[in-house]
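**Q** Provided below are the primary sequence and the corresponding predicted coordinates.
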Amino acid sequence: MRFSKMHGAGNDFVVLDLRSDVPPLSPDLCARLADRHFGVGCDQILTVEAPRSAGTIAAYRIWNADGSPSGQCGNGARCIAAWLVRDGAAPADAAFAIESPAGVHPVTRDGDGGFVIDMGAPRFAPADVPLAGVDGERDEYALEIDGETLRFGAVSMGNPHAVIEVADVDAADVARIGPAMQSNAMFPASANVGFAQVLAPDRIRLRVFERGVGETLACGSGACAAVAALARRGRVLKDADVAVELPGGTLRIRFDAAAGTVFMGGPAAFVFDGIMSV
Ligand SMILES: N[C@H](CCC[C@H](N)C(=O)O)C(=O)O
């Protein structure tokens, strides 16, 4: 099986071209491809597929390293865009659109050779996240973990996110709190758990314990979720680029309140192409 190995700010992917035929991608096959010892190794598998909606060049789908599917992958969207440009299916210096399970995403180039993706509207309604056991939509919710009350914002970017504001991301116990929140009944579809430190109204640091993977070097939808949740509470700017500094690199996120959508800008890199015997 041919594949491209790519990454977006250190969040790495195996990209499969399934535009001609779409063999069944079982969770087992995805987990084998993602395995860093017995397979190629990656955080997520991305599939390039025939367009589903008018005006789009291709569709893409996402599977985590554990084989579970997701509705969105921000770093993956930029890598799909770069893959389509290299393939000649998409223009190198003009706008185009791609489609994820979360919807249609207009794509443009940024000045650094990267891509700006319209990631769509953040959804805060508990039913959309999804969030269970709460009595209505709030800016912040509370959950007790190991005797400590955690306050978090909850938002869907097509996949579920919980965003906890912390004083110092380096001191955050990501490996303990992340899985404890994911397995809590409040998150019936688990969650990507972000730990955000506000440095300025236009700059944050972020670490994300991702659903289906664990902590990654970057999470694009997590960066969008963090800015949307923090902007809603006035902790960062709306309608302006917010620099989101992740361990693997920096993304530029803008929550356009009037348009009700989140734009994400950042890099996409090819590492190698290969063939895996499956
Ligand atoms: N782990 C996520 C999917 C990948 C998201 C992340 N890699 C990104 O760049 O948005 C989930 O299960 O919803």
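**A** Looks like it came in fine.

**Q** going forward, measure contacts between C-alpha atoms and count neighbours the same way
**A** OK.

**Q** next SSE downstream of the helix or strand of the chain with the lowest mean pLDDT?
**A** The least trusted helix or strand in the chain, going by mean pLDDT, DSSP states H and E, turns out to be helix 27-34, with a mean of 93. Toward the C-terminus, helix 27-34 is succeeded by strand 44-49 as the next helix or strand (DSSP states H and E).

**Q** right, is that following strand up against the ligand?
**A** No. Strand 44-49 does not reach the ligand (Cα under 6 Å from any ligand atom); its nearest approach is 6.6 Å.

**Q** find the nearest non-adjacent residue to the residue nearest to the spatial centre of the chain, please.
**A** Of all residues in the chain, the one closest to the mean position by Cα atoms, centre = their mean is residue 221, 3.0 Å from it. Nearest non-adjacent residue to residue 221, counting by Cα to Cα, 6 or more residues apart in numbering: residue 74, 4.7 Å away.

**Q** again with residue 229
**A** residue 153 (5.6 Å).

**Q** pretty sure that neighbour contacts residue 160?
**A** No. Contact between residue 153 and residue 160 fails when scored by Cα atoms under 8 Å: they sit 10.9 Å apart.

**Q** which one of the two is surrounded by more residues?
**A** residue 160 (29 against 23; other Cα atoms under 10 Å).

**Q** re earlier: dihedrals phi and psi, the residue nearest to the centre of the chain?
**A** phi -70, psi -30 (degrees, to the nearest 10).

**Q** next: residue 81.
**A** Backbone torsions of residue 81, given as degrees, to the nearest 10, read phi -60, psi -50.

**Q** which pLDDT value belongs to it?
**A** Note on residue 81: pLDDT of 98.

**Q** what is the burial count for it?
**A** Counted with other Cα under 10 Å, residue 81 comes out at 29.

**Q** so how far is the ligand from it?
**A** Per Cα to the nearest ligand atom, to the nearest Å, residue 81 is found 13 Å from the ligand.

**Q** which stretches in this protein count as helices?
**A** Ranges of helices in the chain, per DSSP state H, are 27-34, 74-87, 174-182, 220-232.

**Q** residues contacting residue 235?
**A** 198, 201 (Cα atoms under 8 Å, 6 or more residues apart in numbering).

**Q** one more time with 7 Å
**A** The contact partners of residue 235, taken as Cα atoms under 7 Å, 6 or more residues apart in numbering, are residue 201.

**Q** cool, and residue 261?
**A** 119-122, 255 are the contacts of residue 261 under Cα under 7 Å, 6+ apart.
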